[in-house]
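>>> Give me the fold of what follows.
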Amino acid sequence: MSQPTLPKNEPAQDSRTTPAAPRPGASIPGKLHKGRTLNLQAFGIYMAAVIIFLIFGLLNPNFLTSGNLRDIAVSASVNAIIGLGITFVIITGGIDLAVGSIASFVGIVTATLMVNAGTSPFLALLAGIALGLVCGAINGLLITKLKLPPFIATLGTMSIYQGFAYVVTNGRPVYNVPKDFVFMLNSYVGGIPVAVILVAVLAILCWLLLRRTVFGQNVIATGGSEETAWLSGVRVDRVKIAVYALSGVLAGVGGLVIVARINAAQTDAGSPYLLTAIAAAVIGGANLMGGEGRIAGTLVGALILGALTNGLVLLNVPSFYEQIVTGLVVVIAVALDQGSKGWPLLKKRKSEPQKEATA
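Next up is the predicted model:
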């Protein structure tokens, strides 16, 4: 039987010193087990959300009304859904720039199936989710099999999927989406919007997947150190493909929610959610260097962005200032995160000349 070969540029190690495969509940080479430091960081994110809500509540009494809070939750739902998938990707040390285009592509295909092909809403919904899965898996295959950097691979597929969205309807929107489909994703259950319930269910499932399964620990291990994860028996390529497939599925679900909300499908409807979904994950504590991310943090990040947008509208601030505020919030969140860890990236860069000098 042939022996497995190490990835290029990775030193071989004695099998006797190879770490054992990660076990559920065991400590793994990621960055999620930081004890008190991590708890303080998470607490800071929650406090920031509370402060933002209180400030807007003081500036405009209508902000904290039940109806407006419900609107904030609904508006944040798409960012939250797509952000959950991106959180998994970022934990592995990757990035997915194609999620907005996948959302647009899935939305336009699903609406076309229902309106032009007469497909039932439920079957069209399943087809849309399957399409998102395929698009995400393709991203994973490009990254693992062709060894393309995640940024380049998903930058390319972002353009490809967006182009397909235009091709399907020659750039035209699709209207008259069946009411049954709208009802499935844009109605209320006991006064709670279905979109909010969907976010809660998906968040619980994602938390269980990340924290209570071997797959979740493999995701964290891959982001902490691919070499160590590989030596521990983790099939890194399979983990990455699965993570990008999951991101595609959730991006597709986000696209379906968009269609239900506006009762139509537009060819570029998902594009605005790319940066905001990534921002939600980053604000929530996902480390772009990999190995760290929190499901609850992503939800809070999406709520923060939703509150900022809603609050600025209530204060009659011009909409184009929203992008400036969102960018500032992301920069501040990342700076605080890196500062709390002693600026590890800066230390890494400083240590590189010393290694070269001693080589």
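>>> Got the phi and psi for P193?
phi -60, psi 140 (degrees, to the nearest 10).
>>> beta partners for it?
With DSSP bridges as the criterion, P193 is bridged to Y188.
>>> Can you pull out the low-pLDDT segments for the stretch 1-150 of the chain?
1-41 (pLDDT under 70).
>>> Looks to me like V134 is in a strand.
No. Using DSSP: H, G, I helix; E, B strand; the rest coil, the secondary structure at V134 is helix, not a strand.
>>> Confirm for me that it is in contact with G248.
Yes. V134 lies in contact with G248 (C-beta atoms under 8 Å); the separation is 7.3 Å. From N, CA and C alone the C-beta is placed, and that goes for glycine too.
>>> So between the two, which is more surrounded?
More crowded of V134 and G248, by other C-beta atoms under 10 Å: G248, with 32 against 13.
>>> quick one: contacts for the spatially most central residue of the chain?
Centrality entry for the chain: nearest residue to the mean C-alpha point is I86, 2.1 Å, by C-alpha atoms, centre = their mean. Applying C-beta atoms under 8 Å, 6 or more residues apart in numbering to I86 gives the contacts 95-96, 99, 247, 277-278, 281, 286, 298.
>>> Now do the helices in the stretch 1-150 of the chain.
36-59, 66-91, 99-115, 121-144, 150-169 (DSSP state H, counting those that start in this stretch).
>>> of all those helices, which lies closest to V177?
helix 99-115 (5.5 Å; C-beta to C-beta).
>>> How far off centre is the closest one?
In this view, helix 99-115 has its centroid 18 Å away from the chain centroid, taken as C-alpha atoms, centre = their mean, to the nearest Å.
>>> CA-only coordinates of it in CSV, if you can.
C-alpha atoms of helix 99-115 as CSV (Å, rounded to 0.1, in the frame of the first residue of the first chain):
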residue,chain,number,x,y,z
VAL,A,99,-21.7,34.6,-2.1
GLY,A,100,-23.5,37.7,-3.5
SER,A,101,-23.5,36.4,-7.0
ILE,A,102,-24.6,32.9,-5.8
ALA,A,103,-27.6,34.6,-4.1
SER,A,104,-28.5,36.5,-7.3
PHE,A,105,-28.0,33.4,-9.5
VAL,A,106,-30.1,31.2,-7.2
GLY,A,107,-32.8,33.8,-6.8
ILE,A,108,-33.2,34.4,-10.6
VAL,A,109,-33.2,30.7,-11.4
THR,A,110,-35.7,29.8,-8.7
ALA,A,111,-38.1,32.6,-9.8
THR,A,112,-37.7,31.6,-13.5
LEU,A,113,-38.6,28.0,-12.6
MET,A,114,-41.8,29.1,-10.8
VAL,A,115,-42.9,31.8,-13.2
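>>> Helix 121-144 and that helix, what's the angle between them?
On the basis of axes from the mean of the first three to the mean of the last three C-alpha atoms, to 10 degrees, helix 99-115 is oriented at 150 degrees to helix 121-144.
>>> give the contact list for the nearest residue to L288 once chain neighbours are set aside.
Once flanking residues are discounted, L288 sits nearest to I90: 6.2 Å by C-beta to C-beta, 6 or more residues apart in numbering. Counting by C-beta under 8 Å, 6+ apart, I90 touches 223, 278, 281-282, 286-288, 290, 293.
>>> Is R261 in a helix, a strand, or coil?
helix.
>>> Can you give me the distance of I283 to G254?
Noted for I283: a distance of 17 Å to G254, by C-beta to C-beta, to the nearest Å.
>>> Who has more neighbours out of those two?
Shown here are I283 and G254; by other C-beta under 10 Å, G254 has more neighbours (30 against 27).
>>> what mean pLDDT does the helix or strand where A245 lies have?
Using DSSP states H and E, A245 sits within helix 236-262. Averaged over helix 236-262, pLDDT sits at 97.
>>> Go through that helix and flag the buried ones.
In terms of neighbour count (16 or more other C-beta atoms under 10 Å), helix 236-262 has its buried residues at 236-237, 239-262.
>>> Next, the angle from it to helix 99-115.
Using the same axes, to 10 degrees: helix 236-262 against helix 99-115 is 60 degrees.
>>> Who are the packing partners of helix 236-262?
Secondary-structure packing of helix 236-262 (3 or more C-beta pairs under 8 Å, 6 or more residues apart in numbering; DSSP states H and E): helix 66-91, helix 99-115, helix 121-144, helix 179-185, helix 194-211, helix 214-224, helix 226-231, helix 273-283.
>>> quick one, that helix and helix 194-211 angle?
Using the same axes, to 10 degrees: helix 236-262 against helix 194-211 is 170 degrees.
>>> Could you measure from the nearest residue to I278 once chain neighbours are set aside over to V329?
Leaving out its chain neighbours, the residue that sits closest to I278 by C-beta to C-beta, 6+ apart is I86, at 5.7 Å. According to C-beta to C-beta, I86 stands 16 Å off from V329.
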